[in-house]
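Peer 1: Sequence and computational prediction follow.
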Amino acid sequence: MRAAYAADTVALEEPALEVARPAWALQITPYMWAAGLEGDISPFRRAPTIHVDKPFSDVIDDLNFGGFVNVWGRYDRFVLSGDMMYVDTTDNHGSGPLPALQIPGLGITIPPGARVDAKVDTKQFMATLQGGYRIIDTPQFTLDALGGVRFWHISNDVTVTASHPAIGSRSATHRESFGWVDPVVGVRAFLPLTEKLSLQAQADVGGFGAGSDLTWSALATANYTVTEHLSLSAGYKILKVDYDRGGHVYDTSLSGPVLGMTWRF
């Protein structure tokens, strides 16, 4: 009788634990990304493609504003993942003496020996939105399968000033923007190590010629739980895209360490 009673007690406790488990969860993680930039860029239609190789120390010198946030949600086994980035930079270049050349918008031919100074203001927005399903859900490990889209929008303002005794100082401004949408598929894995320490990894790949030729990203972090609703994370992130359409080239790789703070609801 005692054995039968014990079995009944266990059977009654298991459903109670399932009911107590939240059916939904939401996490919001603003983070800092110390990313360097490397790649080939042609910011204006018909402009020459230039190679860029900037460590984070150079990127931060040009930075006007940068914002990064990651959002993750779950209802039962259905999941939602979002990652957004906005960066505003200003870069100054000067060169001379140069051979004769023409600058769009200036209205005249620059004579040989002129000095040309350019200020380029670039605004870049990227958002990755994915939905999916939790295919593995155990206390020791979870794995989510994801699919969605990645939006890109890049805007460039360039101010060019040419100086030469024959023409004095002449300035021109040119503005241009372009954007595209990439389909992406990915996975997200979570591995608890202790009650407070865990590992997380997320990766995706896309483009497939629909927008860019190829885009992919990977993020891996170690996480420490401070309170029931707050945790800290540190890791490394890479974001790669290869876009070449309509005279615009944006074949770049952003990579560097990340630090984040997560609020759970």
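Peer 2: That came through, no problem.

Peer 1: tell me which residues form a beta bridge with residue 72?
Peer 2: Beta-bridge pairing of residue 72 under DSSP bridges involves residue 27, residue 81.

Peer 1: so where do the helices sit in this structure?
Peer 2: Along the chain, the stretches classed as helices by DSSP state H are 2-20, 56-62.

Peer 1: rank those by mean pLDDT and give me the bottom one.
Peer 2: Per-stretch mean pLDDT for those is lowest at helix 2-20 (a mean of 35).

Peer 1: how far away is the residue nearest in space to the middle of the chain from residue 228?
Peer 2: Geometric centre of the chain, nearest residue: residue 85, 5.1 Å, by C-alpha atoms, centre = their mean. Plainly put, residue 85 is 29 Å away from residue 228 if you go by C-beta to C-beta, to the nearest Å. Glycine gets a C-beta too; all of them are placed from N, C-alpha and C.

Peer 1: Repeat that for residue 234.
Peer 2: Distance from residue 234 to residue 228, by C-beta to C-beta: 20 Å.

Peer 1: what does residue 265 give?
Peer 2: When distance is defined by C-beta to C-beta, residue 265 is 11 Å away from residue 228.

Peer 1: Specify which residue of those two has the higher count of neighbours.
Peer 2: Shown here are residue 265 and residue 228; by other C-beta atoms under 10 Å, residue 265 has more neighbours (10 against 7).

Peer 1: For the more buried one, give me its contacts.
Peer 2: 25-28, 229 (C-beta atoms under 8 Å, 6 or more residues apart in numbering).

Peer 1: do residue 231 as well
Peer 2: Counted by C-beta under 8 Å, 6+ apart, residue 231 has contacts 223-225, 261-262, 264.

Peer 1: Tell me the one of the contacts of residue 265 nearest residue 61?
Peer 2: For these, the minimum distance to residue 61 (C-beta to C-beta) is 29.7 Å, reached by residue 28.

Peer 1: excluding its backbone neighbours, what's nearest the closest one?
Peer 2: residue 263 (5.1 Å; C-beta to C-beta, 6 or more residues apart in numbering).

Peer 1: what bridges to that neighbour?
Peer 2: With DSSP bridges as the rule, residue 263 is bridged to residue 28, residue 230.

Peer 1: again with residue 256
Peer 2: residue 237.

Peer 1: cool, and residue 154?
Peer 2: Applying DSSP bridges, one finds that residue 154 bridges with residue 124, residue 178.

Peer 1: Please verify my assumption that it contacts residue 212.
Peer 2: No: Residue 154 is not in contact with residue 212 according to C-beta atoms under 8 Å; the separation is 11.9 Å.

Peer 1: any common contacting residues for these two?
Peer 2: residue 250.

Peer 1: Strands of this protein, residue ranges please.
Peer 2: 24-33, 36-42, 50-54, 63-75, 78-98, 101-102, 109-110, 114-138, 141-164, 168-192, 197-207, 214-225, 230-245, 248-264 (DSSP state E).

Peer 1: Redo the ones you listed as TSV? Include mean pLDDT.
Peer 2: Formatted as TSV, the strands of the chain follow (pLDDT from 0 to 100):
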stretch	mean pLDDT
strand 24-33	96
strand 36-42	91
strand 50-54	86
strand 63-75	94
strand 78-98	82
strand 101-102	55
strand 109-110	66
strand 114-138	90
strand 141-164	90
strand 168-192	90
strand 197-207	97
strand 214-225	98
strand 230-245	97
strand 248-264	95
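
Peer 1: Residue 246 contacts residue 45, correct?
Peer 2: Yes: with contact defined as C-beta under 8 Å, residue 246 reaches residue 45; the gap is 6.7 Å.

Peer 1: Check which residues of stretch 192-208 are buried.
Peer 2: Of the residues in stretch 192-208, 192, 198, 200, 202-207 count as buried by neighbour count, 16 or more other C-beta atoms under 10 Å.

Peer 1: Please read the previous query as pertaining to stretch 208-222.
Peer 2: 211-212, 215-219, 221.

Peer 1: nearest to residue 33, of those residues?
Peer 2: residue 219 (9.8 Å).

Peer 1: Fine by me, thanks again.
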